[in-house]
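K.L.:
just coords:
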């Protein structure tokens, strides 16, 4: 079956690193994505990783993929108040035409 | 600005009303999607269109009726909705359909907040 799980909430202090975790069940996923949703807005693509990679870095963002454990994480270095949002991971799974999304992790950044 | 524009941003409608949500993408993409986002639930894929042809309909009630007149525009026609249909409706597009071999990414609009009273 297709299932993507995330913890619901993460609180960090400004300047600290944030790590948002995600687990998925479909081992046939070839692409995994991170999206950000700010209050009242749609989903914004942050980054994605191909399944034959185990790490991808893009400025303050680092994505780690453990394909054996079906675990994906997003690390945000030097977290800012503007990073406060809901973060969704998604995978393209075995079914075509759709991304399977997790329920999202609300990141709260304390000044 | 993602290149996907949705109107209206907010809509309040009665259960007997008929209204439509509109989506336009300026990215030259061939695939368009409607997703529903409800509180504390994962995003639900409702419909997928590729080159104006519906390729997926995920058991969505007939009170939701999609229309794709061309590859840049997508509508969601609403009639006799229920209060539990209140949600954020997100339109999205991608260059082509998602497959295991394609890293096509989906770009979302800002969403239309729908409240059914």
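P.N.:
Sure, I can see it. Values in this document were obtained by computation on a predicted structure and should not be read as measured data.

K.L.:
buried set for the element among helices and strands of chain B having the smallest mean pLDDT?
P.N.:
The helix or strand of chain B with the poorest confidence is strand B:53-57; it has a mean of 82 (mean pLDDT, DSSP states H and E). Of the residues in strand B:53-57, residue B:56 count as buried by neighbour count, 16 or more other C-beta atoms under 10 Å in any protein chain shown. Glycine gets a C-beta too; all of them are placed from N, C-alpha and C.

K.L.:
and the contacts of it?
P.N.:
By C-beta atoms under 8 Å, 6 or more residues apart in numbering or on different chains, the list of residues contacting strand B:53-57 from outside reads A:97-98, B:45-49, B:66, B:68, B:97.

K.L.:
strands - which of the residues you listed land there?
P.N.:
B:45-49, B:66, B:68 (DSSP state E).

K.L.:
the residues you listed: which ones sit near chain A?
P.N.:
Counting by C-beta under 8 Å from any C-beta of the partner chain, B:45, B:48 from these sit close to chain A.

K.L.:
who wins on neighbours among the ones in strands among the contacts of strand B:53-57?
P.N.:
When those are compared by neighbour count (other C-beta atoms under 10 Å in any protein chain shown), residue B:48 ends up highest, at 25 neighbours.

K.L.:
if we ignore the residues flanking it in sequence, what's nearest it?
P.N.:
Nearest residue to residue B:48, sequence neighbours excluded (C-beta to C-beta, 6 or more residues apart in numbering or on different chains): residue B:56, at 3.8 Å.

K.L.:
if we can go back for a sec, as CSV, the ones in strands among the contacts of strand B:53-57 with pLDDT would be great.
P.N.:
Output for the ones in strands among the contacts of strand B:53-57, formatted as CSV (pLDDT from 0 to 100):
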residue, pLDDT
B:45, 89
B:46, 93
B:47, 93
B:48, 91
B:49, 93
B:66, 96
B:68, 95
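
K.L.:
farthest-separated two in the ones in strands among the contacts of strand B:53-57?
P.N.:
B:45 and B:68 (15.2 Å; C-beta to C-beta).
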